[in-house]
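Q: coordinates only, no sequence provided:
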Ligand code: GLU
């Protein structure tokens, strides 16, 4: 544990613990009986380490935070094309429980509002509602890293009072969005909303998204990176009810909140956050949860739009090791902009050199785009009558395979130099 990080978290919780604004949701009668003073805050890093403070072990119902996970499940199970014919990806500009569909497509605007979430449930493969729900619960449990279950009281409470969701489901059936029996679909939806989680479970589910679909604690893959990318995109634009723009501006992470008082926020590649505090503001977001996330984002610099990476630092050093042979040492994470910078530098220098050697042993991480660009360097230098080599001692950065195709790779700079001389 880092004492400093724990202290940050404790202080942020303490800073907002005395806020008494907001009111707990009561349209689902059972939700009105929760303790409004509960306040848990959890942070899970992408290596699975968890920081938690306050009531991080108190269970509450996941409610709408279930929506991105069911959306991810159906994207994974039936594919984006099939999902897109039933559910859009646009912000609705309407309350979460609006009885409406998109004017033109006659499908729900997105999967973060009730209409879209109910449509998503209907897409879960399964012979009957029980099988669909089991599949859903298994999926959530893999994301949370423990076996989750349902708060039967909350489930029954919503099932007996959820006329509005019933209206939505029957409307969807009339538009051909729901194939099955609306009441059977709703039963799964009410159960999914009543799944019990803690703020630490939410942090784990969020960090599974942050890790591109792999639960950092168990190492189990719950979904593909493409599913995560789609899910996070919809969370970013539609996740926080009618305050999504304000959230994107002041917190700046894909997120989802629920009327149970929970919030998840995801900082891709870095961490997941889970918060629980039941009193809600007029938009339906946890008052303390929102403020705590604003503080966390500001104090720990978590806004996804903050521009921190300096792509210039990709080239660590350059030196000439023989007449006309220049070595470029690259380091750090190599994505499009870093690779572009390296290639531009090499091409700019190419008048004065015959052979460029890119030394990659200090590159930490690289994506396929950057691999293809490095592999393509040789072709662009060849056109000018020059040669480009890569040095990658154990083929960690440029493994054998398609994105590396065309590259000439040596285990050491000396061997690359020998090849340059032979040339
Ligand atoms: N079960 C709730 C409903 O459908 C979830 C709403 C929410 O958390 O936004 O009304």
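A: Yep, it's here. Since we're looking at a predicted model, the values are computed, not measured.
Q: for the stretch 301-423 of the chain, what spans make up the helices?
A: Taking DSSP state H, counting those that start in this stretch as the test, the helices found in the stretch 301-423 of the chain are 336-349, 368-383, 413-422.
Q: now render those as TSV, adding mean pLDDT and distance to the ligand.
A: Using the backbone N, CA and C atoms, a C-beta is placed for each residue, glycine as well. Formatted as TSV, the helices of the stretch 301-423 of the chain follow (pLDDT from 0 to 100; distance: least, Cβ to the nearest ligand atom, whole Å):
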stretch	mean pLDDT	distance to the ligand
helix 336-349	88	37
helix 368-383	90	37
helix 413-422	95	58
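Q: reformat those helices into CSV and put mean neighbour count next to each item.
A: Listed next are the helices of the stretch 301-423 of the chain as CSV, based on neighbours: other Cβ atoms under 10 Å:
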stretch, mean neighbour count
helix 336-349, 17
helix 368-383, 18
helix 413-422, 15
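Q: give me every residue that touches the residue nearest to residue 15 when sequence neighbours are not counted.
A: Once flanking residues are discounted, residue 15 sits nearest to residue 295: 6.4 Å by Cβ to Cβ, 6 or more residues apart in numbering. For residue 295, the contact set (Cβ atoms under 8 Å, 6 or more residues apart in numbering) comprises 12, 15-16.
Q: re earlier: dump the helices of the stretch 301-423 of the chain into a markdown table; add distance to residue 158 as well.
A: A markdown table is the format used below for those (distance: least, Cβ to Cβ, whole Å):
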| stretch | distance to residue 158 |
| --- | --- |
| helix 336-349 | 46 |
| helix 368-383 | 45 |
| helix 413-422 | 66 |
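Q: compare those and give me the one nearest residue 86.
A: Proximity to residue 86 (Cβ to Cβ) singles out helix 368-383 among the helices of the stretch 301-423 of the chain, at 30.9 Å.
Q: where's residue 420 relative to residue 386, distance?
A: Distance of residue 420 to residue 386, computed by Cβ to Cβ, to the nearest Å: 10 Å.
Q: shouldn't residue 209 be in contact with residue 271?
A: No: taking contacts as Cβ atoms under 8 Å, residue 209 lies outside contact range of residue 271: 10.4 Å.
Q: neighbour count: those two, which is higher?
A: The neighbour count for residue 209 versus residue 271, taken as other Cβ atoms under 10 Å, is higher for residue 209 (28 against 25).
Q: how about that one, nearest residue that isn't a chain neighbour?
A: Using Cβ to Cβ, 6+ apart, the nearest residue to residue 209 is residue 266, at 4.7 Å.
Q: who are the contact partners of residue 60?
A: 34, 38, 196-198, 260-262, 276, 278.
Q: hmm, residue 75 and residue 139 touching each other?
A: No: judged on Cβ under 8 Å, residue 139 makes no contact with residue 75 at a distance of 11.3 Å.
Q: tell me which of those two has more neighbours.
A: Remark: of residue 139 and residue 75, residue 75 carries more neighbours, 27 against 20, as counted by other Cβ under 10 Å.
Q: how far away is that one from residue 50?
A: 27 Å.
Q: if we can go back for a sec, joint contacts of residue 420 and residue 386?
A: 354-355.
Q: contact residues of the stretch 101-250 of the chain facing the ligand?
A: Taking Cβ under 6 Å from any ligand atom as the contact definition, the stretch 101-250 of the chain meets the ligand at 114, 158, 165, 193.
Q: just put the residues you listed in a markdown table and tack on secondary structure and pLDDT.
A: Below are those laid out as a markdown table (DSSP: H, G, I helix; E, B strand; the rest coil; pLDDT from 0 to 100):
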| residue | secondary structure | pLDDT |
| --- | --- | --- |
| 114 | helix | 97 |
| 158 | helix | 97 |
| 165 | helix | 97 |
| 193 | helix | 98 |
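Q: picking up where we left off before, just give me the neighbour total for the residue nearest to residue 209.
A: By other Cβ under 10 Å, the burial measure for residue 266, its neighbour count, is 30.
Q: okay, and it sits in which element?
A: Residue 266 belongs to strand 262-267 when assigned by DSSP states H and E.
Q: pairing partners for that strand, with directions?
A: strand 255-257 (antiparallel), strand 271-276 (antiparallel) (DSSP bridges).
Q: do I have it right that residue 24 meets residue 32?
A: Yes: at 6.0 Å, residue 24 and residue 32 qualify as touching, with contact defined as Cβ under 8 Å.
Q: of these two, who's got more company?
A: Using other Cβ under 10 Å, the more surrounded residue of residue 24 and residue 32 is residue 24, with 18 against 14.
Q: list the contacts of that one.
A: Shown in contact with residue 24 (Cβ under 8 Å, 6+ apart): 31-32, 34, 36, 261, 278-280.
Q: include distance to residue 350 and mean pLDDT when you put the strands paired with strand 262-267 into JSON lines, please.
A: JSON lines is the format used below for the strands paired with strand 262-267 (distance: least, Cβ to Cβ, whole Å; pLDDT from 0 to 100):
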{"stretch": "strand 255-257", "distance to residue 350": "46", "mean pLDDT": "98"}
{"stretch": "strand 271-276", "distance to residue 350": "42", "mean pLDDT": "97"}
